[in-house]
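Undergrad: Curious how this folds, go ahead:
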Amino acid sequence: PPVAAAPDGAMELATEFSSYGGDSVGPSLVRFRGWSVACTKGPMAGAAELDELAARVAEAVPAPGQPPLPEIIFGQNRLTLTHEASGVRLSFGALGGLEVWARRSAQHGAAGLTVPMASSQAWKEKAAQYKQQDPARNFDWTYTADYSGDAVTVAPEPASEPA
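TA: Next comes the predicted model:
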């Protein structure tokens, strides 16, 4: 249903959530107790969008030997939480997360980060081989980041009067 309300009227589903699949980009919005939660889902980034993201990350975090970005990025996906009364908005998107990751990798490399996996012995041998060939390859290939979103305060939207 396009609109659903909790018994106390605290929640309103403004649009239906899109199913995963297809290439359409579209927002979905939920309002709950003075907050709106909006998400936008888009397709996997193509070559041009990946190049643009790489350029923007490199511009934001210039570092020699910048590690490569993930091969698959959903650059148009975004989650935004807005406190409607105060206008405080917290937004999560691919670019912000990649910038935080790139900054951390440029400063600390993999920083001793290890991820257990079934083929760890084979991986250790391959990693040692790469490290000998190119020490600049010491980056966090898990793309782990302590990204806390992008916070902004905007003027709250005026309450609409019932017609």
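Undergrad: what's the distance between E71 and V152?
TA: Separation of E71 from V152 (CB to CB, to the nearest Å): 30 Å. Yep, even glycine has a C-beta here, placed from its N, CA and C like the rest.
Undergrad: Comparing these two, which residue is more hemmed in?
TA: The neighbour comparison of E71 against V152 (other CB atoms under 10 Å) goes to V152, with 12 against 8.
Undergrad: burial measure for the closest residue to the more buried one other than its chain neighbours, as a count.
TA: Take V152 and drop its neighbours on the chain: the residue closest to it by CB to CB, 6 or more residues apart in numbering is R89, 5.1 Å away. Neighbour count of R89, defined by other CB under 10 Å: 18.
Undergrad: now the one 5 residues further on
TA: A94 is surrounded by 21 other residues when neighbours are defined as other CB under 10 Å.
Undergrad: same question, the one 3 residues further on
TA: Applying other CB under 10 Å, we find 18 other residues in the vicinity of G97.
Undergrad: distance of the closest residue to V88 other than its chain neighbours from Y147?
TA: Nearest non-adjacent residue to V88, counting by CB to CB, 6+ apart: T153, 5.3 Å away. For T153, the distance to Y147 equals 19 Å [CB to CB].
Undergrad: out of these two, which sits in the busier spot?
TA: More crowded of T153 and Y147, by other CB under 10 Å: Y147, with 16 against 10.
Undergrad: Is that one in contact with G93, as I believe?
TA: No. Using CB atoms under 8 Å, Y147 is not in contact with G93, being 9.5 Å away.
Undergrad: Show me where this protein has its strands.
TA: Listed in chain order, the strands of the chain (DSSP state E) span 11-13, 26-32, 35-41, 78-83, 88-93, 150-153.
Undergrad: So for the shortest one, mean pLDDT?
TA: If I follow you right, that is strand 11-13. Mean pLDDT, strand 11-13: 45.
Undergrad: do the same with the fourth one
TA: Looking at strand 78-83 alone, the average pLDDT works out to 94.
Undergrad: Partner strands of that strand and their direction?
TA: Sheet partners assigned to strand 78-83 using DSSP bridges are listed as strand 35-41 (antiparallel), strand 88-93 (antiparallel).
Undergrad: Thanks a lot, see you next time.
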